[in-house]
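Student: have a look at this prediction, sequence included:
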Amino acid sequence: MFVIEAHGVNPVSTDPVPLSYAQHRLLHDPAPVRICGAPTGSGKTYAFQVAARSGKTVLFIVPTLALARDIQRDLKQQGIPCGRWDGQQMRDARTVEGTAYGWAERLEDLQRCRRAGGGMIVATLEALANLTLERARLQRTDLSVVDILHAVDHLVFDESHTLNERAFGFLHFWLTLVAYRHHHRLEGPRVTLLSATPSRLLEPLFEDGYFPPETVARFDEAVTGGECGRMLHGEVRVELGKNLLATVRNEAGRLLGEYRRLLVVYDSLRRLSGDENRQLADFFEQIGIAPSEILVIDGMDRQVARALGASGFETGLIPGEKHRVIIGTSAVEMGVNLGVDAMISDVGMNPSACLQRIGRVARGDRQGEVLLTHHGDEPPRHYRQLEALSGSVSVEAVRAAMEDDHHYRGRAIRAKALGSAYWSMLSRRSPRLMKEMREVFQAMAPGREIPGSILDRLHRVLPRIDGRMRGRFERWLESVDETLTDHRGFNPTVKLRFSGMRPDEVVTYDADWAAIHLEPPLTREDDVWIYDRPRSQCLRQRPEKFTVGFRTPFGDGRCTVHRVNEVPGQVLEFLRRQRQCSTKAGFREVMDFTAATRLVVRS
């Protein structure tokens, strides 16, 4: 057991409002690219709301729909001109005749913020990626990268530590473009990467990069303990245990007696689903918590207004006043203030996830309690790092104890390879834009090779390939480009209908998750898996391996794995077995590309 000391920040500036060290630098640091690390609740988002009120236009990129809605609601309450760009907005933006005008609506949001003398647009990563790929032209709307360069003052990537390696090519494109324009004193936004982890953990992505040193500023919030101008978190007691469900049974009643609301976080949706109907529903009923007082937040069940078992729990994105218990998966980690001071949680899939979860608790000057558990016999490394802490410790000591340089450096190697491939893909998907970017890059970094070489080499091989193999190789390259446009690495999905759902109601799940964790459906209708039982009764006793089909220029294959991250290794092994192809043009280039990027074209 250890106690995280109460901590906060002191103002260093009062113009136009009191600002902490990091907030002041976010608004005034002249560097075109800024990387800021600060604990949860420190007001990173608030700094850009101040910018919006003072006449700046901010494009604020967030990782989740829940966070986008939460920030938009806050902006409206403050009277700040705002817009929201996400998939739901695009689906809703249709006329009575059914004509899509989602991109036109986004252009109007941008123009409205400029006319109003400042405002903020909250967008998902997909929205900006589709704009980069010039998808607005499909709806005959003139909204492009150029509009962002001329109309936006701050381009912000919130929770940047959650971006996977796929997204780095997309991110690298924007960083390079903005760095160049500022380097040559041209108009353009400043780009900020916000993170709850220390800023130096993102450094590997920029080592041996393409940015002049003066274009990047890295800084962390100046956090202090004891009395301070603005409290971020009160004192938080942290205890470590093993079994989450047992901890809920032993401690939830006490915690709900001492605190207004309890947060319960699972690492696994399967375990949450299995516990929901019987153990959790029965237990909370016994201690007087009605199903209507319990909200489930996860990345899949938010599509319907109720949990998919027989528990009667509600589902959604943001809790209401009536909700005394929130049960969720990693979807609760990022950004949204859940108003909780007590939490029982799995330790998270990585150190960043764990820090984010702890940061949900005891905002402001309130006290809190966190009970962390792990599942399985062997605890993860960051759990063991927490076990070494004792007594009263600062939040900086907790963050330092959980740093994992090796993890971030491993990600950076793959991220750079994928970043190069992304540039190559853009040269074919957006040739007009990339012609300008080539000139931009060569002017900023003379003598350096423009990113793209790792995939460009494969395209240069194509003219040397003869016969039917050439057509197969060309189709595979087209599929690689299409795969690269998916900057988050989304897996295929499947539609499901469980017992108790309406005939016109379906939920969309990750197809790999369904194959691993669900029994085969009773039947299939129009590509919908139909079950005659609640979801909890359709879960397998043990997760099963699943089969993934993949394509290569030298033949298609299938592999059976426990986890998706095992697939690239299986693809490389498949290629190694194609000895008869080893002397063919392009074979070595395909091997090198797959090994460096770990990119798989799924069939």
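Tutor: Received the coordinates, thanks.
Student: what segments of the stretch 101-250 of the chain are strands?
Tutor: 119-124, 154-157, 190-195, 216-220, 224-225, 230-233, 236-240 (DSSP state E, counting those that start in this stretch).
Student: which stretch among those strands comes nearest residue 19?
Tutor: strand 230-233 (9.9 Å; C-beta to C-beta). C-beta here means a position set from N, CA and C on the backbone, and glycine is covered the same way.
Student: quick one: the closest one to chain centroid distance?
Tutor: Strand 230-233 sits 26 Å away from the centroid of its parent chain (C-alpha atoms, centre = their mean, to the nearest Å).
Student: helices or strands next to that strand in the packing?
Tutor: Contacts defined by 3 or more C-beta pairs under 8 Å, 6 or more residues apart in numbering; DSSP states H and E place strand 230-233 against strand 7-9.
Student: quick one: mean pLDDT for the next helix or strand after the strand it packs on?
Tutor: Sequence-wise, the next helix or strand downstream of strand 7-9 (DSSP states H and E) is helix 21-28. Helix 21-28 shows a mean pLDDT of 94.
Student: what's the pLDDT at residue 300?
Tutor: 69.
Student: look at residue 84 and tell me its secondary structure.
Tutor: strand (DSSP: H, G, I helix; E, B strand; the rest coil).
Student: any idea how far the residue positioned nearest the centre of the chain lies from residue 317?
Tutor: With distances taken as C-alpha atoms, centre = their mean, residue 63 lies nearest the centre of the chain, 4.1 Å away. Distance, residue 63 to residue 317, by C-beta to C-beta, to the nearest Å: 13 Å.
Student: again with residue 44
Tutor: 21 Å.
Student: quick one, which of the two is more surrounded?
Tutor: Shown here are residue 44 and residue 317; by other C-beta atoms under 10 Å, residue 44 has more neighbours (25 against 17).
Student: please name the nearest non-neighbouring residue to the more buried one.
Tutor: residue 194 (4.8 Å; C-beta to C-beta, 6 or more residues apart in numbering).
Student: dump the residue contacts of that neighbour.
Tutor: Applying C-beta atoms under 8 Å, 6 or more residues apart in numbering to residue 194 gives the contacts 36, 38, 44-45, 156-160.
Student: and it, how far from residue 62?
Tutor: Taking C-beta to C-beta as the measure, residue 194 falls 10 Å from residue 62.
Student: residues that sit against both of those two, list them.
Tutor: Counting by C-beta under 8 Å, 6+ apart, the residues touching both residue 194 and residue 62 are 158-159.
Student: just put the strands of the stretch 101-250 of the chain in JSON lines and tack on mean pLDDT and distance to residue 331.
Tutor: Converted to JSON lines, these look like this (pLDDT from 0 to 100; distance: least, C-beta to C-beta, whole Å):
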{"stretch": "strand 119-124", "mean pLDDT": "96", "distance to residue 331": "14"}
{"stretch": "strand 154-157", "mean pLDDT": "96", "distance to residue 331": "19"}
{"stretch": "strand 190-195", "mean pLDDT": "92", "distance to residue 331": "18"}
{"stretch": "strand 216-220", "mean pLDDT": "89", "distance to residue 331": "27"}
{"stretch": "strand 224-225", "mean pLDDT": "86", "distance to residue 331": "31"}
{"stretch": "strand 230-233", "mean pLDDT": "89", "distance to residue 331": "22"}
{"stretch": "strand 236-240", "mean pLDDT": "95", "distance to residue 331": "22"}
